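Colleague: Prediction below, plus the sequence it came from.
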Amino acid sequence: MDSANSTIRQFLIEAQRRLSCHAAAFVAPARDQFQFHCDGPDAGEIEEMLRGIADTFMAQARSHAGADTNSPLIRNKVRYENGGPLIGRFLVAPVPDSANNFSSIASGDFSSIIIMFRPMTSDGFNEEHLPQATQLSRQLASVLSLPADPVTGLIARESMEKLVSWRLQTLCERCESSVLYGDIDQLRVVNDLLGFEVGDRAIATVAHALAAGLANEDALLSRLSGDRFAIFLPDCPLTKAQKIAARLREAVQARPFAIADESIPLSICFGAAVLGNGERSFEHSLAGAEVACKAAKDRGRNRVEIYHVSDTSLIRRRDDFSIVGRLRGAFEQGRYQIVGQPIASLLTPDSIHRYEMLLRIIDEKGRLVLPAHFMSSATRYQLLPQIDRHVITDVLNHLRSASARPGFKPLHISINLSGPTIADVTFLDWLQTQLDESGVSGEWLTFDLTETAAVSNMAQTQLLMSKLGARGCRFALDDFGTGLSSLTHLKNLQFTSLKIDGSFVRDILHNERSRSLVRAVTQLATAMGMETIAEYVETPEICMRLIELQVEFGQGYAIGKPRPLNGILAPAANLLHAS
């Protein structure tokens, strides 16, 4: 698949617009390459003419380059042969063989040219057109020199963005174009079962199916990354784009893909969004198409969805995308903070030496963003494992550094693990490697798991507890009372603590059922040799009532507010006492 073809096609359309030409052609004789664009009814006749005189123009351009190194060649009175009729006006510009090798033009050492054509009834080319032609030829060289995608041969995203920008300039303000965003269905399964080499072959197969399906369309196709593609359809209303996407989806599904005589089904989802009516941001439209594509995934895969700004579910996904993008940017740029909220004994005088780690994101203006504003989006788009690993890495690095300082007293740190993290079969080995490399003792760590996460991944949870428990790590059952089948599975999991969910603690002063539930959980935990921790202890009155109910530990603003991890690990932090 030749990624340059669509690039050159878009370029010829732009050259035709800028120089008010009737037709434009790209010629590379050594590679037997000829591309042509003309909107007129005489396109076939003109193409035949330009093919016939291309070699002559190449020779003249090389000869001209030696005499004038900076100017394209103007020929306003051209005949096929001496004495024959005039056939047109031409502007010929050499194309550098690379983006930075403009000296090749001065020496005549170039292998391709662009030819702009006007009929004799039009005005001739003049000196004012020379800088424009030179700029166009250099722009083409710059785009062609960008690397193509190695797996599919398609143009890269950077090239696509430049070409889309060119095409949008050729279209009138009222012209409606469209953008398609495609994502191969369940490619991860192919990668996991058959390896990434087979996965790359599947991506290339889909790319060929898309390119073949767009052969007769004015379209620009690019592989964005991974299993994702973008298609720009200039001067194409959304209704037509939807039909094109449906046809492409069918073409991918019909494309044969077999490994070792076994047929592997392939399918793709598309999202479509409009780009027009004064909207000139390709990125904006591509983001909308991506949102629609994600909706297609959620609604069953192998389908096409249209982005409509009035679709509330798509609006939510678009908001999620914005949040997820900022979240990823925050991690990449180090704009996040780990804070710790103290956990103190309610029944005995106790220096605070236990903290639960909490994540705070710092936005572009330096403001802290609480998890309530990003956690649901992170959950929906499967970022929780990345977040958990960031937190663990950061905490272990801080503990390692702090332990080397004089006066440091070991603290006990609680870290939350999400369900997707527990289900990740690579996580346990990764975590054990981090513990080995940091030198942090497992006795300093408690991992908090929710009921749902623990029960949904029972085998992985038991393996995690077995391996990490052998290193001294402890485990807390978080948000106890809100999950499913707690009592059924509790006896099979080696928890050391039960954290009573804050929804029962908040109204413990006024709700008898909440008090009864807290009392029952405390008695159950005591019988099973586990300690109890009440969350959301917000007032001294709640704290006193929990003491009456024999809850052992509390966590909340009445105990202490979250503080930056650096401050907690300072020796002075160990002098704090529970009230």
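Modeller: The structure has been received and is ready for your questions.

Colleague: What residues does the closest residue in space to Pro72 that isn't next to it in sequence make contact with?
Modeller: Among residues not flanking Pro72 along the chain, Ala93 sits closest, at 3.7 Å (C-beta to C-beta, 6 or more residues apart in numbering). Backbone N, C-alpha and C define where each C-beta goes, glycine included. Contact analysis of Ala93 by C-beta atoms under 8 Å, 6 or more residues apart in numbering lists 61, 72-73, 113-114, 116, 133-134, 136-137.

Colleague: hang on, Met357 packs against Ile568?
Modeller: No: with contact defined as C-beta atoms under 8 Å, Met357 does not count as touching Ile568 (9.6 Å).

Colleague: Emit the PyMOL select command for whichever of the contacts of Ala93 are buried.
Modeller: Here is the PyMOL command that selects only those of the contacts of Ala93 that count as buried (16 or more other C-beta atoms under 10 Å):
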select buried, resi 61+72+73+113+114+116+133+134+136+137
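
Colleague: now the contacts of Ala93 as CSV including secondary structure, pLDDT and distance to Leu224?
Modeller: As requested, the contacts of Ala93 are exported to CSV (DSSP: H, G, I helix; E, B strand; the rest coil; pLDDT from 0 to 100; distance: C-beta to C-beta, whole Å):
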residue, secondary structure, pLDDT, distance to Leu224
Ala61, helix, 87, 37
Pro72, coil, 88, 35
Leu73, strand, 89, 39
Ile113, strand, 90, 32
Ile114, strand, 93, 28
Met116, strand, 94, 33
Ala133, helix, 88, 32
Thr134, helix, 86, 32
Leu136, helix, 84, 27
Ser137, helix, 85, 28
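
Colleague: Dump the contacts of Ala93 to TSV, plus distance to Ser281.
Modeller: Listed next are the contacts of Ala93 as TSV, based on distance: C-beta to C-beta, whole Å:
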residue	distance to Ser281
Ala61	38
Pro72	33
Leu73	38
Ile113	34
Ile114	29
Met116	30
Ala133	29
Thr134	29
Leu136	24
Ser137	28
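
Colleague: quick check, nearest of the contacts of Ala93 to Leu286?
Modeller: Leu286 lies nearest to Leu136 out of the contacts of Ala93, by C-beta to C-beta, at 25.7 Å.

Colleague: ok, that closest one to Val95 distance?
Modeller: According to C-beta to C-beta, to the nearest Å, Leu136 stands 9 Å off from Val95.

Colleague: and for those two, which residues touch both?
Modeller: With C-beta under 8 Å, 6+ apart as the test, Leu136 and Val95 both reach Ile114.

Colleague: now the strands for the stretch 401-550 of the chain?
Modeller: 412-417, 445-450, 474-480, 497-500, 531-534 (DSSP state E, counting those that start in this stretch).

Colleague: From the contact counts, what lies against the fourth one?
Modeller: For strand 497-500, the elements it packs on are strand 474-480, helix 512-527, strand 531-534, judged by 3 or more C-beta pairs under 8 Å, 6 or more residues apart in numbering; DSSP states H and E.

Colleague: which neighbours do Met357 and Ile568 share?
Modeller: Jointly contacting Met357 and Ile568 under the rule C-beta under 8 Å, 6+ apart are Gly340.

Colleague: higher neighbour count, those two?
Modeller: Set side by side, Met357 and Ile568 show more neighbours around Ile568, with 25 against 21, by other C-beta atoms under 10 Å.

Colleague: Just the pLDDT at that one, thanks.
Modeller: Looking at Ile568, its pLDDT is 84.

Colleague: Report the contact partners of it.
Modeller: Taking C-beta under 8 Å, 6+ apart, we find Ile568 in contact with 340, 355, 411.

Colleague: State the distance from the second one to Ile338.
Modeller: Spelled out, it's Tyr355. When distance is defined by C-beta to C-beta, Tyr355 is 10 Å away from Ile338.

Colleague: now swap in Glu217 and tell me
Modeller: From Glu217 over to Ile338 (counting by C-beta to C-beta), the distance is 51 Å.

Colleague: Also Ser456?
Modeller: Distance from Ser456 to Ile338, by C-beta to C-beta: 26 Å.

Colleague: Who has more neighbours out of these two?
Modeller: The neighbour count for Ser456 versus Ile338, taken as other C-beta under 10 Å, is higher for Ile338 (22 against 16).

Colleague: number of nearby residues for the spatially closest residue to that one that is not a sequence neighbour?
Modeller: What sits nearest to Ile338 in space, not counting adjacent residues and going by C-beta to C-beta, 6+ apart, is Leu565, at 4.5 Å. Other residues near Leu565 number 23, with proximity taken as other C-beta under 10 Å.

Colleague: Could I get the phi/psi values of the nearest residue to Arg79 once chain neighbours are set aside?
Modeller: Using C-beta to C-beta, 6+ apart and skipping the chain neighbours, the partner closest in space to Arg79 is Leu86 (5.9 Å). Main-chain torsions, Leu86, degrees, to the nearest 10: phi -70, psi 140.

Colleague: Enumerate every residue touching Leu86.
Modeller: 77-79, 120.

Colleague: Could you measure from it over to Ile413?
Modeller: Leu86 is 86 Å from Ile413, by C-beta to C-beta.

Colleague: same check, this time on Pro72
Modeller: Pro72 is 69 Å from Ile413, by C-beta to C-beta.

Colleague: what do you get for Ala212?
Modeller: 56 Å.

Colleague: and what of Ile568?
Modeller: Relative to Ile413, Ile568 is positioned 9 Å away (C-beta to C-beta).

Colleague: Also Asp97?
Modeller: 60 Å.

Colleague: So for those two, which sits in the more crowded spot?
Modeller: Using other C-beta under 10 Å, the more surrounded residue of Asp97 and Ile413 is Ile413, with 24 against 17.

Colleague: from what I can see that one touches Ala402, true?
Modeller: No: here Ile413 lies out of contact with Ala402, judged by C-beta under 8 Å, at a distance of 10.8 Å.

Colleague: What strand or helix carries the closest residue in space to Phe34 that isn't next to it in sequence?
Modeller: For Phe34, ignoring the flanking residues on the chain, the nearest one in space by C-beta to C-beta, 6+ apart is Val27 at 5.6 Å. Using DSSP states H and E, Val27 maps to strand 23-28.
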